[in-house]
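Visitor: just coords:
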């Protein structure tokens, strides 16, 4: 596909998304209907679509054609070359479109920062002086980070192995055992270091949170909302704990056995009905369902699909997670509550509500990371029963 044809394809996908189709579904449907498109074409179209979705409002919030024009203008691409009308490229720009692109934009703060209007007051209340910086950080693509499996090798060995597959990396500035991918991130999953279990895809913020949990020697640890199991894998790698994984929707853990096998760690999956018989646990780690507002540069479609009703429903779920997980914690154990959100309503407010309803518990520590060059936005609170202090 030519660059212009890729732009045309992105326009079509963006229009499908505007009509209500989720981004992943729209991209999958386009790929299935476009067998002529190679892997690089599919990747390029995907990048165009996600680059627009990250900055949809600041790009003008129009139809796909207008959004792609604004993106091309922002990136300094040759508009006339892309919108040439030749082959499968979009038709040339009209005089009206040229005039629109030449006119200065006047945007309100929420639009300039690409946050929905209804959410902007909560965003500001949650982040204070960091509200604008955190929002603007999510207009750019997120970097790719890798956790080095210390059971399989050192960071130096992992970097050397990755370089053999043309994947260049650098040590993370602050998170031990974490590598920042500098080149060819799409080659990671085919690199020998990944296939052999020496490295695992994991954001730096997530890994940092795991490292902040005080895991006692020979602990029993439950990853209560395990999902794909990334944090369970990190706990199993970086401690001698007996790690258990649970998710209310077990299908989310379908890849966990293969990932654990590749890393050569043991993780025992538990259905909900078996939790009580394996309790008490020394650590119960709850990565609760959330808005994902700290990771919207990775899933920008989620930002525009979030509603106030959905946010309130998530808070109800988060309260239920804490209430259901707390009885599984041993008398001297710790309850860790985490989200990849930066919203106070999903983080500090949930901890405050839990402690108010359960005064025997107290919050020992909290951590809020913001999206930026060092990783995604992430929240972690460590709770214990007061007689443990």
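Guide: Noted; the coordinates are in hand. All values reported here derive from a predicted model rather than from experimental measurement. Numbering: from 1, shown residues only.
Visitor: neighbouring contacts of the longest strand along the chain?
Guide: In the chain, with assignment by DSSP state E, the single longest strand is strand 329-339. If you take C-beta atoms under 8 Å, 6 or more residues apart in numbering as the criterion, strand 329-339 is touched by 209, 213-214, 220, 279-288, 290, 294, 318, 321-322, 325-326, 346-347, 350-351, 354, 361, 364, 378-385, 388. Any C-beta I mention is one placed from the backbone N, CA and C, and that applies to glycine too.
Visitor: tell me what the helix or strand where residue 382 lies is packed against?
Guide: According to DSSP states H and E, residue 382 maps onto strand 378-385. Packed against strand 378-385, as judged by 3 or more C-beta pairs under 8 Å, 6 or more residues apart in numbering; DSSP states H and E, are the following elements: helix 204-212, strand 329-339, helix 348-357, strand 361-369.
Visitor: let's go with 6 Å and repeat that
Guide: Packed against strand 378-385 by the contact rule (3 or more C-beta pairs under 6 Å, 6 or more residues apart in numbering; DSSP states H and E) you find helix 204-212, strand 329-339, strand 361-369.
Visitor: Out of these, the one nearest residue 185 is which?
Guide: With C-beta to C-beta as the criterion, residue 185 lies closest to helix 204-212 of the helices and strands packed on strand 378-385, at 14.0 Å.
Visitor: Just after that closest one, pick out the following helix or strand.
Guide: Under the assignment DSSP H and E, the closest C-terminal helix or strand after helix 204-212 is strand 220-223.
Visitor: quick one, whichever helix or strand comes after that following strand and helix 204-212 angle?
Guide: Sequence order places helix 230-238 as the next helix or strand after strand 220-223, per DSSP H and E. Interaxial angle, helix 230-238 versus helix 204-212 (axes from the mean of the first three to the mean of the last three C-alpha atoms, to 10 degrees): 50 degrees.
Visitor: Return the set of buried residues in helix 230-238.
Guide: 230, 231, 232, 233, 234, 235, 236, 237, 238 (16 or more other C-beta atoms under 10 Å).
Visitor: go on, stretch 101-115?
Guide: Result for stretch 101-115 [16+ other C-beta under 10 Å]: buried residues 101, 110, 111, 112, 113, 114, 115.
Visitor: Between the two ends of it, what distance do you get?
Guide: This stretch, stretch 101-115, spans 22 Å end to end (C-alpha to C-alpha, to the nearest Å).
Visitor: going forward, begin numbering at 861 instead of 1
Guide: That works, and once the first residue is 861, the last one we named lands at stretch 961-975.
Visitor: what's the residue of the chain positioned farthest from its centre sitting at in phi/psi?
Guide: Centroid-distance maximum for the chain: residue 955 at 40.3 Å, with C-alpha atoms, centre = their mean. Residue 955 adopts backbone torsions of phi -60, psi -40, taken as degrees, to the nearest 10.
Visitor: all helices of the stretch 911-1060 of the chain, in order?
Guide: Counting by DSSP state H, counting those that start in this stretch, the stretch 911-1060 of the chain has helices at residues 924-935, 939-942, 955-962, 969-972, 980-987, 991-997, 1015-1023, 1052-1055.
Visitor: Which strands and helices lie in contact with the first one?
Guide: Same thing as helix 924-935. Identification of packing neighbours for helix 924-935 by 3+ C-beta pairs under 6 Å, 6+ apart yields helix 863-878, helix 899-914.
Visitor: can I get the ones you listed in CSV with mean pLDDT, distance to residue 1193 and mean neighbour count?
Guide: Shown next, in CSV, are those (pLDDT from 0 to 100; distance: least, C-beta to C-beta, whole Å; neighbours: other C-beta atoms under 10 Å):
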stretch, mean pLDDT, distance to residue 1193, mean neighbour count
helix 863-878, 96, 44, 22
helix 899-914, 95, 40, 19
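Visitor: Select, out of these, the one closest to residue 1046.
Guide: helix 899-914 (6.6 Å).
Visitor: other SSEs contacting the closest one?
Guide: When contacts are defined as 3+ C-beta pairs under 6 Å, 6+ apart, helix 899-914 packs onto helix 863-878, helix 924-935, helix 1160-1165.
Visitor: what angle separates that helix from helix 863-878?
Guide: Here helix 899-914 runs at an angle of 50 degrees relative to helix 863-878 (the same axes, to 10 degrees).
Visitor: what about helix 899-914, distance to the chain center?
Guide: When distances are taken as C-alpha atoms, centre = their mean, to the nearest Å, helix 899-914 is centred 17 Å away from the chain's centroid.
Visitor: That helix vs helix 924-935, what angle?
Guide: In terms of direction (the same axes, to 10 degrees), helix 899-914 departs from helix 924-935 by 90 degrees.
Visitor: sorry, back to before: from the chain's centre, how far out does the strand holding residue 1242 sit?
Guide: 20 Å.
Visitor: which residues touch residue 1024?
Guide: Not one residue lies near residue 1024 by C-beta atoms under 6 Å, 6 or more residues apart in numbering.
Visitor: hmm, try it at 10 Å
Guide: Under the criterion of C-beta atoms under 10 Å, 6 or more residues apart in numbering, the neighbours of residue 1024 are 1051, 1052, 1053.
Visitor: ok, of those residues, which one's closest to residue 1020?
Guide: Nearest to residue 1020 among the contacts of residue 1024 is residue 1053, at 8.7 Å by C-beta to C-beta.
Visitor: on that earlier part again, tell me the pLDDT at the residue farthest from the centre of the chain?
Guide: Reading off the confidence values, residue 955 has pLDDT 96.
Visitor: Could you check how far it is from residue 962?
Guide: Noted for residue 955: a distance of 10 Å to residue 962, by C-beta to C-beta, to the nearest Å.
Visitor: Next: residue 885.
Guide: 35 Å.
Visitor: Next: residue 999.
Guide: When distance is defined by C-beta to C-beta, residue 999 is 22 Å away from residue 962.
Visitor: just to revisit the earlier point, could you dump the helices and strands packed on strand 1238-1245 into TSV and include mean neighbour count?
Guide: Below are the helices and strands packed on strand 1238-1245 laid out as TSV (neighbours: other C-beta atoms under 10 Å):
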stretch	mean neighbour count
helix 1064-1072	23
strand 1189-1199	22
strand 1221-1229	16
